[in-house]
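>>> output the structure for:
(2 chains)
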Amino acid sequence: MPRALRLALLVLLTAGCGTDPVTTQPQVFVTLVAGNNQTGPVGTALTPFKIRVRDEVGTAIVGRTVRWNPVLGGGTISPGEGVTDANGEATATLTLGAGAGPNSARATVTGGTPEIIFTATATAVVANPTPLLVAAVPVPPTYGHHDTFVRDGLAFVCAWNAGVYIYDVGNGIRGGSPNNPVLVSNLITNTNGVAGGAQVHNAWWFHNPVTSQKKYLFIGQEGPGTVGSASAGDIHIVDVSNLAAPVEVGFISVPGAGAHNFWMDEARQILYAAYYNGGVIAVDVSGTLTGNMSSRITAQVKPGGNSNTYIWGVTLAGGRLYVSDMVSGFWVLDPLTLATLGGGGNVPTQFVSDLTIGGTTAYTGGWGTRAGVRGNTIKVWNVATTTPALVNELVIENATTISDVALTPGNVALVATAEGGAGAGLYVYSLADPRAPLLKGSVAVTGGLHTGEIAVINGRTYVFTAKNPGAGNTPELRIYDITGALTP
Amino acid sequence: MSWRRPALMLLAALGGGAMALPAQSGVRLTPMANGVGVATSVDPIPGGGALTEVRVVQPVVMGLVSAAGGRLQGTLTLNFEGLTIPGGELTPAGWGEGFVDRRHPHTTVHELILGTPDLLGTADRGTRLGLLVGKGFVPFGTDDPMVRPFLRYPVNHHFAQVLERAVVIGQIERGPLTVEGALFNGDEPERPSSWPLLRLPDGQWRFGDSRALRVTVRPLTGLELQGSRASVLSPEHRPAAGGRAEKSSASLRWKDAPSWGERYLMAEWARTSELEGTFVFHSVLVEGSVRRQAWSVGYRFESTDRPEEERLVDPFRSLRPHLENSILGIGRWTLHTARVARELADPDQPFRVTPFVEATLGKVRKLDAGIFDPIGLYGRSTVRQLSVGVVVGWGMRHHRMGRYGVLATTHDQHHDH
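Below is the predicted model:
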């Protein structure tokens, strides 16, 4: 038999032995799109890694499972598992490990090849406890810059008669960042007949969890007053649905008194406002707000009494409303009724300024000079009960006023601004022991800082401060990076 | 004009008093100078306790120029308090320009005014029009305290005078009546080197944002009645963010010189309303002096409301520029000041050496429910001041600083003594 015939018979016999024909899966190709070879400080989140999944003819494969795993460096990656989108792409973010050195993560696609390895390098953070000035934005010298409210990468700069300035400091709508704030818009609110002008002092951008709206910005107007007895100024309601073109739509007025600092219970849609000699008010801000909304005031209290109340600030924490009264001290109120729960009469030697609460510890500042005693002391309170107990005091030398106190997220650090002398500036305290803050870093600022608002943007912690005008100097929005002061 | 003429003027000036150049020039220069060496003790000061300081205050050099037969006038006053009292002069209840319980130093170029008391040459018809421009006093209120009999500046200095502004003054005088109107910049100086702010960075004019009107009547020789109004925009905040101060003043002044000496009496009322009436401050002041031969005695009563402001670590300083429109309250200062002095030189001659003793007793009380607390601040509500010093001067004895144009050519001005 010829050799060729024998081979043909062998093939036929083999085929006839009942074996199925060979079938193959379509091939899945995985490619790295973006994010490889990044470098960042230890513990920071990198720009997301991205892969793309396609078949052998280049068509995107949708819904294919991708698993992400850290490989080297001790970092974490999120999400651990995902699926490809309509473009056949999937992303995950690697947070670098705590140690300096190489980091890597692997993306594995079901049925796909090859596995993708992303590499990155974690650099050591140089612990710099000194607040680092990253931006200084001049503010018109119409008295200057008072408070700042920062949320969603937007800074609402309250600049007295120049109105409120909205800056993109990381939101993305104008490409701004803390190092490069970009102006979005400006609005000068109405005077409402208050002598002295718009006098824009403070703001709160209301994110309503009930309606999911971010429509209203509340602005405090600080009119002329006699500290301790008289004040003036309304709460102005601004529609910021279009951040580029804010519009004033309403106001809240308390006869014979003027607004100061705010706090909100957003879930309950209640605005709390310090109203100096008018005490504390609670305002129902649910629904549509337009025109004179003064009838929405649901409660008002003067904890020190009619002639002994001059409220600086309010803070809601742990189901209580804490109140700093310049003249009658530090109070604890019931946030529902504004009934007094405790406190008061506990700071007889100082005019009380701002307050901030972290867990069962509270911090209050001081203002001016009372009976020869300067307001350059931060008082530390145990607020485990409704009767605040003074447990410690921190003195900032060569200042008269601690105008603002605030806590970083997680109560890692206490930040204070000071005015009135050579000690004026920004101070950062470690709260490893919340009742015994330790000064980590500070920076002196000629003329002083009037306020300091903390915001975390892209993993770094900033203080948005209001630099006072000085001889020949314009007031400024000054932004300090204090991340280096927060390391243990 | 060659260099010889100013040199001649200078030499003549040094030679004594007003001088005249050759008749064809019609230029007349009157040099003047003044300074006070003084030890001042105050009890209490802010924070309690007493303090004594020795200072040279009110060091000024002046030149008054008259030309073209008196049709042109020039005034230059240099004040050197920026050198001698940069931290201010101990003055209980004094305030202004960021100083509290201290009187602030004035600007180095205190006056620089040019103009005419007779714009149209109508003097011979009984009516004169004056026009002046420069830096100096606004036609409002009473004479500057520096040229009054007392060392101590009254509490009402910032209510009763408006000075060191860029100003244009128009005047009309007919018989005993003089009416003056002025436009000027509202901002007061921030430091001795300050110049008036004419225009803001955004192009808005600061000059002309404030105005004043003063009516002066002199029905009898030596007697003068004055009433004035001024509207001053944001005097304490240079970039004009502050409110407008509406100011009023009325006064009676009498001065004569009998053969045995000199008599002087002045009574004034002043009112300043700020921020559309949010804060209103009143002042009443009466002062008089009598000189008999070389000895003189004087007494001043003053009751003035002062805005009490937040102080810095230095308790003699308040915050400037302002951050807001609030105050701590209003204190009413009631002060009695007495003075005895002796002229060591002939009072009729330009040169003057005058040792003096001046004492002030007074008290303060709060007028409202604000947090201003005099007891907490000073330790008590009464105040004492004692000053012992000597005035050394040349030619300023009868000068009324801040009166220009038609008012500078009247009876008791420098041109006529």
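>>> quick one: contacts for the residue in chain B positioned nearest to chain A?
For chain B, the nearest residue to chain A under the criterion CB to the nearest CB is B:V313, separated by 3.0 Å. Bear in mind the C-beta positions are built from the backbone N, C-alpha and C, glycine included. The contact partners of B:V313, by CB atoms under 8 Å, 6 or more residues apart in numbering or on different chains, come to A:374, A:398-400, A:420-423.
>>> check A:G368 too.
A:227, A:351, A:374-375, A:400-401, A:420, B:310-311, B:328, B:371.
>>> in JSON lines, list the residues you listed along with neighbour count, secondary structure and distance to B:R320.
Formatted as JSON lines, the contacts of A:G368 follow (neighbours: other CB atoms under 10 Å in any protein chain shown; DSSP: H, G, I helix; E, B strand; the rest coil; distance: CB to CB, whole Å):
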{"residue": "A:V227", "neighbour count": "25", "secondary structure": "coil", "distance to B:R320": "18"}
{"residue": "A:F351", "neighbour count": "28", "secondary structure": "strand", "distance to B:R320": "21"}
{"residue": "A:R374", "neighbour count": "28", "secondary structure": "strand", "distance to B:R320": "19"}
{"residue": "A:G375", "neighbour count": "28", "secondary structure": "strand", "distance to B:R320": "19"}
{"residue": "A:T400", "neighbour count": "27", "secondary structure": "coil", "distance to B:R320": "14"}
{"residue": "A:T401", "neighbour count": "29", "secondary structure": "strand", "distance to B:R320": "15"}
{"residue": "A:G420", "neighbour count": "29", "secondary structure": "coil", "distance to B:R320": "12"}
{"residue": "B:E310", "neighbour count": "24", "secondary structure": "coil", "distance to B:R320": "11"}
{"residue": "B:R311", "neighbour count": "22", "secondary structure": "strand", "distance to B:R320": "12"}
{"residue": "B:L328", "neighbour count": "25", "secondary structure": "coil", "distance to B:R320": "15"}
{"residue": "B:I371", "neighbour count": "24", "secondary structure": "coil", "distance to B:R320": "20"}
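>>> now those residues in TSV, with distance to A:I219?
Listed next are the contacts of A:G368 as TSV, based on distance: CB to CB, whole Å:
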residue	distance to A:I219
A:V227	21
A:F351	25
A:R374	31
A:G375	26
A:T400	27
A:T401	23
A:G420	26
B:E310	24
B:R311	30
B:L328	26
B:I371	26
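>>> of the residues you listed, closest to A:Q221?
A:V227 (16.7 Å; CB to CB).
>>> burial count for the closest residue to A:N411 other than its chain neighbours?
Counting by CB to CB, 6 or more residues apart in numbering or on different chains, A:N411 lies nearest to A:G358, which is 3.7 Å off, once chain neighbours are set aside. Here the number of neighbours of A:G358 (other CB atoms under 10 Å in any protein chain shown) works out to 20.
>>> who does A:G358 bridge with?
A:T361 (DSSP bridges).
>>> would you mind measuring from it to B:W269?
56 Å (CB to CB, to the nearest Å).
>>> can you check B:W333 too?
In terms of CB to CB, B:W333 sits 16 Å off from B:W269.
>>> between those two, which one's more packed in?
Each of B:W333 and B:W269 has its neighbours counted (other CB under 10 Å); B:W333 has more, 23 against 18.
>>> for that one, name its beta-bridge partners.
B:T304, B:V364.
>>> can you tell me the closest non-neighbouring residue to the residue of chain A found nearest chain B?
At 3.0 Å from chain B, A:G421 is the closest residue in chain A, using CB to the nearest CB. Excluding the flanking residues, the one nearest A:G421 by CB to CB, 6+ apart is B:V313, at 3.0 Å.
>>> near chain A, which residues of the stretch 301-417 of chain B are found?
With CB under 8 Å from any CB of the partner chain as the criterion, the stretch 301-417 of chain B comes near chain A at residues B:310-315, B:319, B:321-330, B:368-371, B:373, B:376-377.
>>> repeat for chain B
B:47-48, B:190-191, B:237, B:239, B:241-243, B:275-279, B:310-315, B:319, B:321-330, B:368-371, B:373, B:376-377.
>>> now, which of those lie within helices?
Those of those mapping onto helices are B:376-377, per DSSP state H.
>>> ChimeraX command to pick out the buried ones of the residues of chain B next to chain A?
Of the residues of chain B next to chain A, the buried ones go into a single ChimeraX selection, burial set by 16 or more other CB atoms under 10 Å in any protein chain shown:
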select /B:190,191,237,239,241,242,243,275,278,279,310,311,312,313,314,315,319,321,322,323,324,325,326,327,328,329,330,368,370,371,373,377
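>>> strands - which of the residues of chain B next to chain A land there?
If you go by DSSP state E, the residues of chain B next to chain A have B:279, B:329-330 in strands.
>>> so where's chain B shaky on pLDDT?
B:1-25, B:410-417 (pLDDT under 70).
>>> before we move on, the earlier item: is it correct that the residue of chain A closest to chain B falls within a helix?
No: going by DSSP: H, G, I helix; E, B strand; the rest coil, the assignment for A:G421 is coil, not a helix.
>>> quick check on B:H158: phi, psi?
phi -90, psi 0 (degrees, to the nearest 10).
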